[in-house]
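Asks: my questions are about this predicted structure, shown below with the sequence.
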Amino acid sequence: MMRTLVKLAAVVTLSVSPPTQVIGKDFTFTVEIVGGTPNLSGILIELLYLENSEWFLAAQTSVDTDVNGNATAVFTIPATRVGTFTLKARASYGADFQDSNQVTATVVAEVAQVSLVITAGLGGTTDPAPGTHSYDVGTIVTVKAIAENGYKFKHWLINGQLIEPYSHQNPTVGAITENSALEAVFEEGEEPKPFPWPLVVVGVTAVIIIIVVATKR
């Protein structure tokens with residue numbers, strides 16, 4: 001007489017670790033049978049994934065239950081497509097089968113990072129500070145040159161070159177898409193002081209008023 005794989009109280013469970021993985025790395029799926037028929041050999045364990053409302057085979061193996069009717073199967077599956085996927089496990093023996101709970105596994109694209117090496121010549125520093133900084137590709141980066149007393153900002157060297165308009169902007173702002181080097185160059189002198197625009201406006205206005213009054217006379 002054929003022994004059945006599971007009893008009514010038996011449980012087949014599926015778990016995934018980690019639930020979210022970067023493309024190119026591996027998921028670990030663990031299938032556990034608890035309370036099945038003891039000492040049963042050749043139980044087929046299938047890992048299935050759902051796509052377009054149909055279940056497809058992702059991997060399979062066979063296990064044997066122990067004296068307590070328990071068994072474990074582990075699958076290592078690479079993350080090959082970006083998206084969220086629904087999976088379940090099926091334990092079967094002959095015509096008998098039992099499905100597990102369903103789990104979701106999410107595959108994300110890895111965000112590439114690039115480095116920006118910032119240096120400062122004699123006479124000043126930068127914000128962020130000189131050093132190597134890592135950014136996601138496409139990040140908008142702002143770097144400010146800060147001159148010391150007796151010096152003023154001259155220009156930036158971007159990968160060793162003057163690149164307009166960025167080389168003469170302070171702070172300089174741009175999207176970083178590749179490994180780059182940025183050097184702040186200073187020279188002796190004083191940073192130009194902000195012009196007192198409100199006073200200039202008042203002075204010009206006063207001159208215009210005088211001219212208009214004189215003309216009317």
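Replies: Yes, it's here. Residues are numbered from 1 along each chain as shown.

Asks: kindly report the domain assignment for the protein.
Replies: Using automatic domain parsing, the domain parsing of the chain gives 6-108, 113-188.

Asks: with mean pLDDT as extra columns, can I get the ones you listed in a markdown table?
Replies: Below are those laid out as a markdown table (pLDDT from 0 to 100):
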| stretch | mean pLDDT |
| --- | --- |
| domain 6-108 | 91 |
| domain 113-188 | 92 |
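
Asks: can you redo these as JSON lines with mean neighbour count?
Replies: In short, each C-beta sits where N, CA and C put it, glycine included. JSON lines is the format used below for the domains of the chain (neighbours: other Cβ atoms under 10 Å):
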{"stretch": "domain 6-108", "mean neighbour count": "15"}
{"stretch": "domain 113-188", "mean neighbour count": "15"}
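
Asks: what sits closest to Ser92 if chain neighbours are left out?
Replies: Leu44 (4.9 Å; Cβ to Cβ, 6 or more residues apart in numbering).

Asks: and the one you found, what element?
Replies: According to DSSP states H and E, Leu44 maps onto strand 43-51.

Asks: the following helix or strand past that strand - contacts with which helices or strands?
Replies: Moving toward the C-terminus from strand 43-51, the next helix or strand (DSSP H and E) is strand 54-63. Using 3 or more Cβ pairs under 8 Å, 6 or more residues apart in numbering; DSSP states H and E as the contact criterion, the elements in contact with strand 54-63 are strand 43-51, strand 71-78.

Asks: quick check: closest non-adjacent residue to the residue most central in space within the chain.
Replies: Nearest to the mean C-alpha position of the chain, counting by Cα atoms, centre = their mean, stands Val111 at 4.4 Å. Of all residues not flanking Val111 in the chain, Asp136 sits nearest, at 4.9 Å (Cβ to Cβ, 6+ apart).

Asks: go on, Gly150?
Replies: Glu188 (6.3 Å).

Asks: so who does the one you found touch?
Replies: Shown in contact with Glu188 (Cβ atoms under 8 Å, 6 or more residues apart in numbering): 123, 150-152.

Asks: rerun that using 10 Å as the cut-off
Replies: 122-123, 150-152, 154 (Cβ atoms under 10 Å, 6 or more residues apart in numbering).

Asks: how near is Thr13 to Glu32?
Replies: 5 Å (Cβ to Cβ, to the nearest Å).

Asks: same check, this time on Ser167
Replies: 62 Å.

Asks: please apply the same query to Asp26.
Replies: From Asp26 to Glu32 the distance is 19 Å (Cβ to Cβ).

Asks: re the thing from before, list residues touching both of Thr13 and Glu32?
Replies: 89, 100.

Asks: all helices for this protein, in order.
Replies: 197-216 (DSSP state H).

Asks: circling back to that earlier point, now do the same contact list for the residue nearest to the centre of the chain.
Replies: 22, 136-139.

Asks: what of Ala105?
Replies: 16-21, 27, 29, 49, 77, 79, 83-87 are the contacts of Ala105 under Cβ under 10 Å, 6+ apart.

Asks: go on, Val31?
Replies: 12-15, 45-47, 61, 63, 71-75, 88-91, 100.

Asks: show me what it bridges to in the sheet.
Replies: Assessed by DSSP bridges, Val31 has beta-bridge partners Leu14, Ala73.
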